[in-house]
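Chemist: got a structure for you, letters missing:
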């Protein structure tokens with residue numbers, strides 16, 4: 001893989017950029033404190049803006065690593081305020097594979113924003129980083145997350161029973177992936 005770190009990406013409606021220290025308040029307000037948004041995630045809702053600040057500070061520090069890929073999702077019409085995040089949550093360089101996770105505030109659900117962000121990230125990872133396999137997974141009780149993957153061309157590979165966990169406890173995991181050769 002040709003690691004180059006988190007680069008600014010742009011689509012018709014979105015700017016995907018690095019998080020900054022100043023994003024903590026928007027992160028807390030727009031998605032991280034919402035129990036409905038975090039229901040199927042592996043981290044608890046943030047209990048205070050200070051928790052969000054600690055997380056964004058940690059992310060900013062990790063941008064010095066060229067193998068770190070984590071974007072703030074910014075809707076152009078909202079100025080520079082992030083409404084969610086998307087990034088590589090696991091990487092296996094031996095097989096040139098990345099696993100992507102994403103989260104967006106519920107005020108922006110069902111508008112195609114997450115699919116637009118995922119498509120831009122996938123294109124970047126395939127074309128610039130030279131990844132061979134991009135995968136993601138979701139709890140089957142959260143089918144809309146799977147619809148995002150399908151919309152971006154990812155192929156359903158199967159459901160692993162009781163193979164994952166999230167804020168609902170132990171759960172099944174529906175896996176999707178796309179290979180560079182399948183684009």
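Modeler: Perfect, thanks for sending it. All figures in this text were calculated on a predicted structure; none of them were measured in a lab. Numbers count the residues shown, from 1 in each chain.
Chemist: tell me which residues touch residue 45, please.
Modeler: Residue 45 sits next to 32, 33, 34, 35, 37, 38 when contact means C-beta atoms under 8 Å, 6 or more residues apart in numbering. C-beta: built from backbone N, CA, C; applies to glycine.
Chemist: tally of neighbours for the third one?
Modeler: Think residue 34. 17 (other C-beta atoms under 10 Å).
Chemist: my guess is it contacts residue 107. True?
Modeler: No: between residue 34 and residue 107 there is no contact under C-beta atoms under 8 Å: 9.4 Å.
Chemist: about what we covered before: between the contacts of residue 45, which sits nearest residue 22?
Modeler: Nearest to residue 22 among the contacts of residue 45 is residue 32, at 14.8 Å by C-beta to C-beta.
Chemist: just to revisit the earlier point, among the contacts of residue 45, which ones are in strands?
Modeler: The strands, defined by DSSP state E, take in nothing from the contacts of residue 45.
Chemist: from these, pick the one nearest residue 74.
Modeler: Distances from residue 74 to these, taken as C-beta to C-beta, are shortest for residue 32 (15.4 Å).
Chemist: what's the burial count for the residue nearest to the closest one when sequence neighbours are not counted?
Modeler: Spatial nearest neighbour of residue 32, chain neighbours left out: residue 46 (4.2 Å); criterion: C-beta to C-beta, 6 or more residues apart in numbering. Here the number of neighbours of residue 46 (other C-beta under 10 Å) works out to 20.
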